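1. Model the following, please.
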Amino acid sequence: MGDFMNEKIKCLREQLRGLDIQGMIVSNPVNIRYLTGISAEGVLLITRKENYYITDARYIEEVQSTITIDDEIIVYNYTDISEYDYENFFSFCENVGFEENYVTYATYKNYMHKYKANHLEETENIIEKQRFIKDNNEIELLKKACEITDKCFEHLVEYIKVGMTEKQIALEIEKFFTENGAESLAFETIVASGPNSSKPHAKTTERKIDLGDPITIDFGCKYKGYCSDMTRTVFAGFVPGKIRGIYNLVLKNQLQTEKDMKDGANIRILARNVENDFKLNGYSLVHALGHGVGLDIHEAPIVSYKNDNTFKENMVVTNEPGIYIPGEFGVRIEDTTLITKSGCINLTKSDSKIKSLILRQIRCII
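-> As a prediction, the model looks like this:
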């Protein structure tokens, strides 16, 4: 087989070579989409010489139209493959990799039986690790998803009124995304008002917005498979006194993290800095400071004190400190951020200064 033009598959092959693995069965649909752009059901085989995509007759046309000649992928219909073919895909492969964190035991046994591989080897999230660093095309798609999210927030600031329910606001977000080029929500929207905002992963309810409520809105969309993630805490009409200090403490730490995030910065130290500052003020950081974002809404790396690795250029991660007072209220501020050589760039750009988050046009709905 000639020189691979699909850079992602080429990079994967090089890594497999380094692990003394001669082929791989890729079955996680997110990893398949990452490597090939294909989002139709099927399995990708990386063999010694060729790449094969085996799918159902219903998807053949879709798959053929997704891949380019540069991908060098041979497409098969399941029904056209004999037992003999399956046994020969990995002939002369001593070790064949599989995704042990995705594959069930039943599927593993099926692979052993079907492909007659000498050794099925665990690959320790090899593709997920490759997905850490985004290429230019991925960064453009992530930027676009974030841009739609910022526009949606701009709309919400005008839209939200006292008397609306959290669910109404969540539905408006979904409607806006659908009408403005997003393919779907990236995750289930959180709209948490008043005391509901004290739960980091609150369920959106029928609670009505009241004057003086903090409203935490955590939302994002998918654009061509890639996700955005943003949280803003807004205020219905005015900011109650006791929330202001906490809001400013969260914002100070979010801005400090933004200053510190860059290629080579230690993840554990950044998370510890926020935890320590919260502790000094009598609060705690009850969740991770952030996470990777890409084709999945939660990807590696996790930005927490448990991760002693460093940020790398072209990682895309969230920066999301939050403080929650049980039964009273919570404040979280989150941006999707691109790590660069010398710093970072927020891909979500909506203002997070408290004065711009007071919803002035808050007249009651009738």
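2. Name the residues of stretch 225-236 that are buried.
-> 225-236 (16 or more other C-beta atoms under 10 Å). C-beta here means a position set from N, CA and C on the backbone, and glycine is covered the same way.
3. export the helix or strand containing residue 336 as PDB, just CAs?
-> According to DSSP states H and E, residue 336 maps onto strand 335-339. Provided in PDB are the C-alpha atoms of strand 335-339 (Å, rounded to 0.1, in the frame of the first residue of the first chain):
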ATOM      1  CA  ASP A 335     -15.500  28.500  28.800                       C
ATOM      2  CA  THR A 336     -14.200  26.100  26.100                       C
ATOM      3  CA  THR A 337     -10.500  27.000  25.700                       C
ATOM      4  CA  LEU A 338      -7.800  26.300  23.100                       C
ATOM      5  CA  ILE A 339      -4.300  25.800  24.500                       C
END
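4. Make 25 the starting number, not 1.
-> In the new count, where the first residue is 25, that last one comes out as strand 359-363.
5. just checking, what's the longest helix in this protein?
-> Counting residues, the longest helix found in the chain (DSSP state H) is helix 160-183.
6. which ones are touching the residue most central in space within the chain?
-> The centre of the chain sits closest to residue 321, judged by C-alpha atoms, centre = their mean, with a distance of 2.2 Å. Contacts for residue 321 (C-beta atoms under 8 Å, 6 or more residues apart in numbering) come out as 210-211, 244, 251, 253.
7. Could you pull out the helices in the chain for me?
-> Under DSSP H, the chain gives helices at 31-42, 53-60, 84-90, 107-113, 129-139, 150-155, 160-183, 190-203, 265-284, 291-304.
8. Quick one: these as a markdown table, columns for mean pLDDT, distance to residue 371 and mean neighbour count too.
-> Shown next, in a markdown table, are the helices of the chain (pLDDT from 0 to 100; distance: least, C-beta to C-beta, whole Å; neighbours: other C-beta atoms under 10 Å):
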| stretch | mean pLDDT | distance to residue 371 | mean neighbour count |
| --- | --- | --- | --- |
| helix 31-42 | 95 | 21 | 16 |
| helix 53-60 | 96 | 19 | 20 |
| helix 84-90 | 91 | 26 | 15 |
| helix 107-113 | 91 | 40 | 13 |
| helix 129-139 | 94 | 36 | 13 |
| helix 150-155 | 95 | 17 | 19 |
| helix 160-183 | 97 | 4 | 18 |
| helix 190-203 | 98 | 16 | 18 |
| helix 265-284 | 97 | 12 | 17 |
| helix 291-304 | 98 | 18 | 17 |
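9. Save those helices as JSON lines, and put in distance to residue 100 too.
-> As requested, those are arranged in JSON lines below (distance: least, C-beta to C-beta, whole Å):
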{"stretch": "helix 31-42", "distance to residue 100": "17"}
{"stretch": "helix 53-60", "distance to residue 100": "14"}
{"stretch": "helix 84-90", "distance to residue 100": "9"}
{"stretch": "helix 107-113", "distance to residue 100": "8"}
{"stretch": "helix 129-139", "distance to residue 100": "14"}
{"stretch": "helix 150-155", "distance to residue 100": "21"}
{"stretch": "helix 160-183", "distance to residue 100": "27"}
{"stretch": "helix 190-203", "distance to residue 100": "35"}
{"stretch": "helix 265-284", "distance to residue 100": "48"}
{"stretch": "helix 291-304", "distance to residue 100": "42"}
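10. Which of these sits closest to residue 340?
-> Shortest distance between residue 340 and the helices of the chain, using C-beta to C-beta, is found for helix 160-183: 5.5 Å.
11. Quick one: list the elements packing against the closest one.
-> helix 190-203, strand 238-243, strand 245-247, strand 250-251, strand 254-260, strand 359-363 (3 or more C-beta pairs under 8 Å, 6 or more residues apart in numbering; DSSP states H and E).
12. Residue 351 is nearest to which of these?
-> Here strand 238-243 is closest among these (C-beta to C-beta), at 13.4 Å.
13. got a list of contacts for the closest one?
-> 173, 176-177, 180, 184, 190, 193-194, 197, 209, 213-218, 221, 226, 233, 253-260, 263-264, 267, 353-356, 358.
14. and if you look at stretch 359-371?
-> 158, 163, 166-167, 170, 244, 252-254, 278, 282-283, 285-287, 314, 317, 335-344, 372, 376.
15. One more: stretch 79-97?
-> The contact list for stretch 79-97, computed with C-beta under 8 Å, 6+ apart, reads 25-26, 28-30, 33, 60-68, 74-77, 99-103.
16. residue at max distance from the center of this protein?
-> The chain, farthest from centre, C-alpha atoms, centre = their mean: residue 108 at 39.8 Å.
17. For residue 156, see how far away that one is.
-> 39 Å (C-beta to C-beta, to the nearest Å).
18. cool, and residue 223?
-> On the measure of C-beta to C-beta, residue 223 and residue 156 end up 30 Å apart.
19. Over to residue 79?
-> 28 Å.
20. ok so, going back, and the residue nearest to the centre of the chain, what's its pLDDT?
-> Per-residue confidence (pLDDT) for residue 321: 97.
21. And residue 73, by the same measure?
-> 89.
22. What values do phi and psi take at it?
-> Backbone torsions of residue 73, given as degrees, to the nearest 10, read phi -110, psi -30.
23. cool, residue 248 as well?
-> The phi/psi pair for residue 248 (degrees, to the nearest 10) is phi 50, psi 40.
24. Okay then, goodbye and thanks.
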